[in-house]
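*Asks:* Take this sequence and fold it.
(one chain, ligands or ions: 1)
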Amino acid sequence: MKYLLLTLILLGTTTGVRADTPVLIGNAPARASQSLNGKWRVIVDPFEYGLYDARMQPSKEPYFNDAKPKDKSTRLEYDFDTSPQLDVPGDWNSQMDKLFFYEGTVWYRQKFDYSLKPGNRAWLHFGAVNYQASVWLNGEKLGDHTGGFTPFDFEITGKVKPTGNSVVVKADNTRHKEAVPTTNADWWNYGGITREVSVIQLPATFIEDYLIQLQKGSGNVIAGWVRINGGKAGQKVSVRIPEAGIDVTTTTDETGYAALHIPVSSLKLWSPEEPKLYEVTVSTGTDKVTDRIGFRSIETRGTDILLNGKPVFLRGVSIHEEAPFRSGRAFSDEDARTLLGWAKELGCNFVRLAHYPHNEFMLREADRLGLMVWSETPVYWTIAWDNPATFANAANQIDESIRRDKNRAAIILWSVANETPIGAARTDFLTRLVRQVKQADPTRLVTAAMLHEADAKATATSNSIVLDDPLGAVLDVLGCNEYIGWYDGTPEKADRTTWSSPYNKPLIMSEFGADALFGKHGDDQTRWTEEYQEKVFQHQLAMLDRIPFLRGTSPWILMDFRSPRRTLPDIEDYFNRKGLVSIRGEKKKAFGVMQDYYRRKAAEK
Ligand code: GCB
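*Replies:* The predicted structure is shown next:
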């Protein structure tokens with residue numbers, strides 16, 4: 001037993017996935033699938049009557065049975081068939097007026113027919129459900145998932161019928177103190193089935209997942225693994241990258257795992273200037289999956305960040321997963337193209353996807369456009385640092401995001417936290433999380449957006465900030481959020497501020513900014529005007545240029561976004577207005593300031 005456990009742990013570390021974790025189908029969007037997107041019937045259920053009766057005992061008429069009355073004398077107090085409909089993917093808050101502020105449970109139901117080829121297997125795939133999902137097929141429970149921003153799969157082979165299937169999802173976005181994120185955040189808690197749903201059909205023995213990336217520290221070895229699900233040991237696995245002249249075959253061991261180590265003579269490396277993606281095909285006797293993968297190296301040396309061995313300055317911007325033009329949770333390819341298109345126009349080679357893993361279209365588009373990515377996990381502000389279940393939850397969410405995105409060249413940084421107040425329990429929690437990320441993905445860098453301590457000795461002429469958060473010791477790259485000129489003094493305070501750090505590491509100023517309502521003009525001392533925001537950026541950029549170890553910036557934020565904390569009438573109206581562009585894409589003056597700065601930075605190299 002001891003030996004088995006050890007083997008499982010070792011297996012977990014070499015494949016980048018813990019052996020006991022549920023299956024997550026690698027590159028799900030590339031698989032043959034039947035989409036379940038579209039209109040779903042919904043029942044809003046604030047008291048969870050769909051689960052419990054008046055005595056809080058399990059209901060005799062649970063909604064997941066999707067039942068109909070047997071005859072006209074039967075009393076049944078729900079009916080999906082006549083209930084309202086909502087679009088999937090999509091959040092409920094922005095689809096129905098009366099659900100705008102709603103947090104709690106909504107039941108979703110979809111009917112579908114399905115044709116499963118004999119011998120094949122079927123999997124129900126969810127891109128994301130915020131926050132807690134429970135799923136039933138034809139009245140049978142398939143499972144639960146926690147965490148609003150990562151995918152999950154349930155096998156439905158032997159359960160799915162040729163006609164009249166009913167899939168019921170209980171989506172619950174109630175905030176909890178011990179959850180990740182916790183009860184307090186500065187973004188809208190969009191509830192629902194926010195990303196795509198499909199049924200994936202796979203052969204009995206299929207390619208469950210693969211990692212195909214440049215080996216750490218090498219420019220000419222592709223390393224990784226392929227894992228096969230089902231079948232016996234000794235199966236042949238081929239990896240072909242025709243454009244790079246690669247065609248290798250290897251065999252799986254008794255756990256279905258095949259290690260890859262492929263020396264290559266000439267490989268065009270992925271970079272913002274030339275975001276080269278290769279067509280990669282992984283195949284076995286029974287299955288085949290194709291991907292587009294870029295190869296690049298990322299490392300640090302002293303205070304430098306090296307992309308493909310050369311120092312790079314990260315010209316970035318922070319982005320929320322907020323839908324351009326319509327607001328609500330962004331979920332589509334078109335949303336991704338719009339948001340990242342604006343980032344390119346700003347002059348970016350880098351984006352910080354805050355504050356949770358964004359949908360896969362964003363990563364695919366970043367790969368195509370040559371935008372390096374900071375990917376984040378929703379460990380935000382105050383988390384229940386002492387609670388082991390909270391740690392397990394955070395660890396699982398970052399693990400799922402690494403599993404989904406590990407083949408995206410664009411991702412260079414995993415961020416484990418945002419603005420977490422310094423304390424022993426917090427530093428211990430985050431240090432363990434960093435360790436786990438490094439184990440799961442040793443090829444990328446780890447960061448966190450930290451807070452800075454105000455200088456206790458600040459005077460009218462000097463303000464020296466020391467970045468000495470103990471978390472910095474375990475990070476590869478320091479991230480720091482600061483709001484000099486907005487929450488912290490006036491814009492001029494930046495002129496007398498100096499930065500230092502005991503760590504010999506690169507710094508990304510991961511947030512700075514100010515609110516401005518697009519079209520609101522005035523003098524540059526008047527809050528909420530474009531002129532005030534512009535002035536904050538001007539003073540900020542002059543200050544940032546004086547930080548010798550600064551290697552990147554991602555101002556807050558590309559586009560205005562909804563937040564329940566932002567109530568000021570006629571200005572905020574439940575939007576955080578720190579966007580460089582409005583929700584309609586109108587550029588505020590600060591956009592131009594940032595664009596000029598990035599033009600200069602790009603020319604500096
Ligand atoms: C922060 C947070 C970010 C907020 C921003 C703000 O420090 O990291 O989530 O939205 O400030 O606008 O206050």
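*Asks:* ok, Tyr597 touching Leu541?
*Replies:* Yes: the pair Tyr597 / Leu541 is scored as a contact, 5.1 Å apart, by CB atoms under 8 Å. For the C-beta atoms, the positions are set from N, CA and C on the backbone; glycine is no exception.
*Asks:* ok, now which ones touch the residue nearest in space to the middle of the chain?
*Replies:* Nearest to the mean C-alpha position of the chain, by CA atoms, centre = their mean, lies Pro357 at 0.7 Å. Going by CB atoms under 8 Å, 6 or more residues apart in numbering, Pro357 touches Phe149, Thr150, Ser375, Glu376, Thr377, Gln397, Glu400, Ser401, Arg404, Asp405.
*Asks:* wait, what's in contact with the residue of the chain found nearest the ligand?
*Replies:* Distances between the chain and the ligand by CB to the nearest ligand atom are smallest at Asp186, namely 3.7 Å. Going by CB under 8 Å, 6+ apart, Asp186 touches Ser563, Arg565, Arg566, Asn576.
*Asks:* contacting residues for the residue sitting furthest away from the middle of the chain?
*Replies:* Distance from the centre of the chain peaks at Ser73, with 49.7 Å (CA atoms, centre = their mean). Going by CB under 8 Å, 6+ apart, Ser73 touches no other residue.
*Asks:* Reduced to three states, what does it come out as?
*Replies:* coil (DSSP: H, G, I helix; E, B strand; the rest coil).
*Asks:* Okay, it and Val581: tell me how far apart.
*Replies:* Distance, Ser73 to Val581, using CB to CB, to the nearest Å: 60 Å.
*Asks:* likewise Thr382?
*Replies:* Taken as CB to CB, the span from Thr382 to Val581 is 30 Å.
*Asks:* Which residues of the stretch 301-450 of the chain lie near the ligand?
*Replies:* Applying CB under 6 Å from any ligand atom, we find that the stretch 301-450 of the chain lies next to the ligand at His355, Asn418, Glu419.
*Asks:* Now do the end-to-end distance for stretch 555-566.
*Replies:* Start-to-end span of stretch 555-566 (CA to CA, to the nearest Å) is 19 Å.
*Asks:* buried sites along it?
*Replies:* Using 16 or more other CB atoms under 10 Å as the test for burial, stretch 555-566 gives Pro555, Trp556, Ile557, Leu558, Met559, Asp560, Phe561, Arg562, Ser563, Arg566.
*Asks:* quick check, nearest of the residues you listed to Leu211?
*Replies:* Using CB to CB, the shortest approach to Leu211 within the buried residues of stretch 555-566 belongs to Leu558, at 30.3 Å.
*Asks:* Which of the residues of the stretch 301-450 of the chain next to the ligand fall in helices?
*Replies:* Assigned to helices by DSSP state H, none of these qualify.
*Asks:* These in strands, which ones?
*Replies:* Judged by DSSP state E, the subset of these located in strands is Asn418.
*Asks:* tell me which of the residues of the stretch 301-450 of the chain next to the ligand is nearest to Val226?
*Replies:* Of these, the one sitting nearest to Val226 (CB to CB) turns out to be His355, at 32.6 Å.
*Asks:* is the helix or strand in which Phe591 is found anywhere near the ligand?
*Replies:* Following DSSP states H and E, one finds Phe591 within helix 589-604. No: interface with the ligand: helix 589-604 contributes nothing (CB under 6 Å from any ligand atom), its closest point being 13.8 Å away.
*Asks:* Buried residues, that helix. List them.
*Replies:* Within helix 589-604, the residues that qualify as buried by neighbour count (16+ other CB under 10 Å) are Lys589, Ala590, Phe591, Val593, Met594, Gln595, Tyr597, Tyr598, Lys601.
*Asks:* Over to stretch 501-508?
*Replies:* Buried residues in stretch 501-508 (16+ other CB under 10 Å): Ser501, Tyr503, Lys505, Pro506, Leu507, Ile508.
*Asks:* residues contacting the closest residue to the fifth one other than its chain neighbours?
*Replies:* Meaning Leu507. Of all residues not flanking Leu507 in the chain, Leu478 sits nearest, at 4.6 Å (CB to CB, 6 or more residues apart in numbering). By CB under 8 Å, 6+ apart, the contact set of Leu478 is Thr447, Met450, Leu467, Gly472, Ser501, Tyr503, Lys505, Pro506, Leu507, Ile508.
*Asks:* next helix or strand past whichever strand or helix holds the first one?
*Replies:* It refers to Thr447. In this structure, Thr447 sits in strand 445-450 according to DSSP H and E. Toward the C-terminus, strand 445-450 is succeeded by strand 463-466 as the next helix or strand (DSSP H and E).
*Asks:* The helix or strand following that next one and the ligand, are they touching?
*Replies:* Next along the chain after strand 463-466, taking DSSP H and E as the criterion, comes strand 477-481. Yes: residues of strand 477-481 are located near the ligand by CB under 6 Å from any ligand atom, namely Asn481.
*Asks:* tell me the mean pLDDT for the following helix or strand past strand 477-481?
*Replies:* On the C-terminal side of strand 477-481, the nearest following helix or strand under DSSP H and E is strand 497-500. Regarding strand 497-500, the rounded mean pLDDT is 97.
*Asks:* And stretch 113-131, by the same measure?
*Replies:* For stretch 113-131, mean pLDDT is 98.
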